[in-house]
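Q: got a predicted structure plus its sequence, pasted below:
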Amino acid sequence: MIAYWQGLRRGHLVPARADLDPSILGPWLHMAGLVDIGAAGRMRFRVGGQGLSALLGVEARGMPLRSLFALGTRARLHDLALRVFTGPSMLSMTLIAPAQATAAKPVQVPLVMLPLRDQHGAITRAILCMEGRAAMAAERPARFHIRQARLTTLSAMTVEGPLLRLIPGGRG
């Protein structure tokens, strides 16, 4: 997912939501969701895959992002996720959830959240993706704790592709 997102940047700091191709996202769609940020920093799932909905215990569309997380974790989640939009930053987390009754220990689930530009160029969306096999081992509905989080602030220096274009015949 990260490599695909990086490829969509094409000289921009953050790729456009319109550039996402669902046919390429196929392997990740069931555990992916689009998150919108609205007034007062409220983050909601615009759309979510079936696996994500299964973890929530309800249809993901319209649900707050925080509903996937345990109560004591939500303030930290909000601070981290807000940086995805304002940094802008890439967020990588390892989540912990209770395992299903048949498993002996808690489940660790990798998650990434990557910013996207809307049709006006503002960073108001993000794609979130969880590792499917690990997430499906969690008890449902799942409410995750954050074990580890890493924010990578994006800068013009990390953009792949040329930042300046050489114009032949110009003054040097």
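A: Arrived safely. On a predicted model such as this, the values are computed, not experimentally measured, just so you know.
Q: low-confidence regions, this protein specifically.
A: The model of the chain has pLDDT under 70 over residues 99-104, 156-172.
Q: enumerate every residue touching the residue nearest the centre of the chain.
A: Centroid check for the chain by CA atoms, centre = their mean gives Met113 as the closest residue, at 1.9 Å. Shown in contact with Met113 (CB atoms under 8 Å, 6 or more residues apart in numbering): 35, 81, 84, 90-91, 93, 126-128. Bear in mind the C-beta positions are built from the backbone N, C-alpha and C, glycine included.
Q: and it, how close does it get to Asp21?
A: Distance of Met113 to Asp21, computed by CB to CB, to the nearest Å: 19 Å.
Q: those helices in the protein, which residues are they?
A: In the chain, the helices defined using DSSP state H lie at 2-8, 50-56, 74-86, 132-136.
Q: make CSV out of those and add mean neighbour count and distance to His30.
A: Shown next, in CSV, are the helices of the chain (neighbours: other CB atoms under 10 Å; distance: least, CB to CB, whole Å):
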stretch, mean neighbour count, distance to His30
helix 2-8, 14, 16
helix 50-56, 20, 4
helix 74-86, 18, 21
helix 132-136, 17, 6
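Q: any chance of the ones you listed in JSON lines, with distance to Val109 too?
A: Putting those into JSON lines (distance: least, CB to CB, whole Å) gives the following:
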{"stretch": "helix 2-8", "distance to Val109": "16"}
{"stretch": "helix 50-56", "distance to Val109": "9"}
{"stretch": "helix 74-86", "distance to Val109": "14"}
{"stretch": "helix 132-136", "distance to Val109": "4"}
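Q: closest to Asp118 out of the ones you listed?
A: Among the helices of the chain, helix 74-86 comes nearest to Asp118, with 10.9 Å by CB to CB.
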